[in-house]
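Participant: The sequence and its predicted three-dimensional model are supplied below.
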Amino acid sequence: MSDKPIKTPIKTMEDFSEFVGLSRPTVSKFFNDPNSVRAKTRGLIEAALKESGFRPNMFAVNLNRRRSNIIGIIIPNSTDPFYMALTRRVELIANAAGFLAFVLSSDGNAEIEARAIETLKSMNVAGAIIAPLGVQSQHETLKALGESIALVYVDSPLDETSPFVGTNNRQSFQLIVDYLVRSGEPPCYLGMPPVNTNAATRETAYVEAMRQLKMEPVLLETTHDGNWDFERFGYEETTRFLNAGGFPTKTILCANDRVAFGAISAAYQHGLKIGQSAGSDIRIAGHDDHPLSRYACPPITTVAQNYNEIGRLAMDLLFRKLDELEGAEATAESERILLNAEIMLRESA
């Protein structure tokens, strides 16, 4: 390493190799694995990094590794606070473990999701956390990705056998249905567009919960809209029912809080008083505890998905799968983790 002051900025690996006085292959070897070079060489490079302030393009470095230190994340909507909170948790855990988290959004579009998958493959990612589009997803493409890298699904599984961390819908719907039945009229069910497995799973969970209480399930017939704009769906479906004479009961359980946002807006515009208090016309409940649910008007009674715990357990499972790819002995722990939800009692129901 030269004792002369640095005259020009060091921008490339070639510049840095010349500055430290080592060959380009030796420097690359260090960045791939610092422990792969001798202690004396490692000391020279680390001192040169400190002096020069050089930071290599880690994405370019990763392309040359057998397994990179990049964790890919694909979500359906980058502006949804639920996915933002989940992604933040995954990023923090990845960074603490020495990984780079690279987030892509499919924007509710199957073609964009397929391109995101190809992008992760081109980056030689070590593993990925994916919230799939589900029905619209290219299942074979995702299955092929799961055969080549460590892969864990969140929010909704791709199928019945895929590695998955999410909410136990059966338990969560038993919780919310039991409360609604005990505190007022039994709920009818306003589903969600059939965009992923949650649509069918949650409808089934509602039906089971009602029948366990010896109640007849009331499934509202909705238009089969494959759009991820859940708020619009909830608003338009609620408006349609109210214009046609109203709902069959005074309690509506929505498949998720985003549908409930739309339902509450439509009910308000029809002059209905929403809530549990005396004089209210209708109760509306949701599912998920979306980060904005407590700030709705009125705040939404719902069941909470623990996105922090989902993120933590998803990363634990991903790291376990990464170790197995490296030759570590496989554990007997489940690759399908369902978390129980907690009821959040608020003014809407």
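Facilitator: Good, I have the coordinates.
Participant: Can you report how many residues lie near residue 147?
Facilitator: Residues lying near residue 147 (other Cβ atoms under 10 Å) number 8. Every residue, glycine included, has its C-beta placed from N, CA and C.
Participant: Can you list phi and psi of it for me?
Facilitator: The phi and psi values for residue 147, taken as degrees, to the nearest 10, are phi -80, psi -20.
Participant: Equivalent analysis for the one 3 residues further on, please.
Facilitator: Recorded main-chain torsions at residue 150 are phi -70, psi 130, according to degrees, to the nearest 10.
Participant: so it makes contact with residue 126?
Facilitator: Yes - with contacts counted by Cβ atoms under 8 Å, residue 150 reaches residue 126, the gap being 6.8 Å.
Participant: where do the contact lists of those two overlap?
Facilitator: residue 322 (Cβ atoms under 8 Å, 6 or more residues apart in numbering).
Participant: ok, and the closest non-adjacent residue to residue 119?
Facilitator: Leaving aside its sequence neighbours, residue 119 sits nearest to residue 104 (Cβ to Cβ, 6 or more residues apart in numbering; 6.4 Å).
Participant: so when I look at the one you found, I'm seeing a strand, right?
Facilitator: Yes - Residue 104 forms part of a strand when assessed by DSSP: H, G, I helix; E, B strand; the rest coil.
Participant: For residue 80, give me its contacts.
Facilitator: Residue 80 makes contact with residue 258, according to Cβ under 8 Å, 6+ apart.
Participant: which residues are contacting the longest helix along the chain?
Facilitator: Ranked by residue count, the top helix of the chain under DSSP state H comes out as helix 307-325. Residues outside helix 307-325 that contact it (Cβ under 8 Å, 6+ apart): 67, 71, 82, 85-90, 93-94, 97, 126-129, 149-152, 154-155, 163, 165-167, 330-331, 333, 335, 337, 339.
Participant: Could you pick out which of the residues you listed are located in helices?
Facilitator: 82, 85-90, 93-94.
Participant: Can you lay out those residues as TSV showing pLDDT?
Facilitator: As requested, the ones in helices among the contacts of helix 307-325 are arranged in TSV below (pLDDT from 0 to 100):
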residue	pLDDT
82	85
85	88
86	90
87	92
88	92
89	92
90	92
93	90
94	88
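Participant: Next, count neighbours for the closest residue to residue 216 other than its chain neighbours.
Facilitator: Excluding the flanking residues, the one nearest residue 216 by Cβ to Cβ, 6+ apart is residue 210, at 6.9 Å. Residue 210: 25 surrounding residues under other Cβ under 10 Å.
Participant: Which strand or helix spans residue 210?
Facilitator: Using DSSP states H and E, residue 210 sits within helix 197-212.
Participant: residues near the closest residue to residue 299 other than its chain neighbours, how many?
Facilitator: Counting by Cβ to Cβ, 6+ apart, residue 346 is the residue found nearest to residue 299 once chain neighbours are left out, at 3.8 Å. Per other Cβ under 10 Å, the neighbour tally for residue 346 reads 19.
Participant: Least confident secondary structure element in the chain?
Facilitator: The weakest-scoring helix or strand in the chain, judged by mean pLDDT, DSSP states H and E, is helix 58-63 (a mean of 53).
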